[in-house]
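S.K.: Sequence plus predicted model, see below.
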Amino acid sequence: MSSIVPRSDDRAEEPLVTDLADFLLQLDEIEADGEKLLSDLTEDQVHWSPVASRWSVAQCLVHLNIIGRRYLSALDETIERANRENLVGRGPFRYGFVERWIAHATEPPPGVRLRTPASARPPDDQPLVGVRVNFHLVQDELRTRVRAANGLDLARAKVTSPFVKSLKMGLGPCFAFLLAHERRHLWQAWRVRRHETFPPA
């Protein structure tokens, strides 16, 4: 995974701005939900799906891991550029309508169906232990980026989507989108686990 060098200036020691503190709380909730989802599942159960066209529990989380990893580099580039250009701010931040709509539309249950990029389509060949470990690693990496963004202008510092180069979002809306996306696919995975024909342990 990519890594980011923590800032050494005074902003790194300041309390997290409200938006970022809320993102960390959301990450804690998401990680707890993911662990609860995987708890007590067998290898066969985590790879089961009701029909071939639907993802298994494992695929839902592998997809999150793929998306999360791809966005880490984009977040790093934005944070480093914002530091160089001194794009600083403590909020409150005003985000654009389209940015706010994207995050809102991504929340479950999905009202808008999004086409999954080919490079983000999850294989179903990762063992349960790998799915779990990588999920937790991605959450930790996202926490690092949230903290590294403290003191930056979360509206003016723009993240370019690694999948749609024309799509740019402020750091704040980008974090909001990523967390909504995680909730969306955890919701999807829970639907699989609660399916009436889900195999018993």
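M.R.: Nice, thanks for sending it over. Remember, it's a predicted structure, so these values are computed and weren't measured experimentally.

S.K.: all contacts plus neighbour counts: C-alpha atoms, from now on.
M.R.: Noted.

S.K.: Identify the residues contacting the residue lying closest to residue 47 once chain neighbours are set aside.
M.R.: Distance criterion C-alpha to C-alpha, 6 or more residues apart in numbering; nearest residue to residue 47, sequence neighbours excluded, is residue 56 at 5.2 Å. Residue 56 sits next to 46-49, 124, 189, 192 when contact means C-alpha atoms under 8 Å, 6 or more residues apart in numbering.

S.K.: mind redoing it with 6 Å?
M.R.: Shown in contact with residue 56 (C-alpha atoms under 6 Å, 6 or more residues apart in numbering): 47-49.

S.K.: which parts of the one helix or strand residue 83 maps to are buried?
M.R.: Using DSSP states H and E, the element containing residue 83 is helix 57-84. Within helix 57-84, the residues scored as buried using 16 or more other C-alpha atoms under 10 Å are 57-80, 82-83.

S.K.: Show me what that helix is packed against.
M.R.: The contact analysis (3 or more C-alpha pairs under 6 Å, 6 or more residues apart in numbering; DSSP states H and E) places helix 57-84 against helix 171-193.

S.K.: just checking, next helix/strand downstream of the helix or strand that residue 32 is a member of?
M.R.: Residue 32 is part of helix 18-38 when elements are defined by DSSP H and E. Next in sequence after helix 18-38, counting helices and strands by DSSP H and E, comes helix 43-46.

S.K.: So for that next one, mean pLDDT?
M.R.: In this model, helix 43-46 carries a mean pLDDT of 97.
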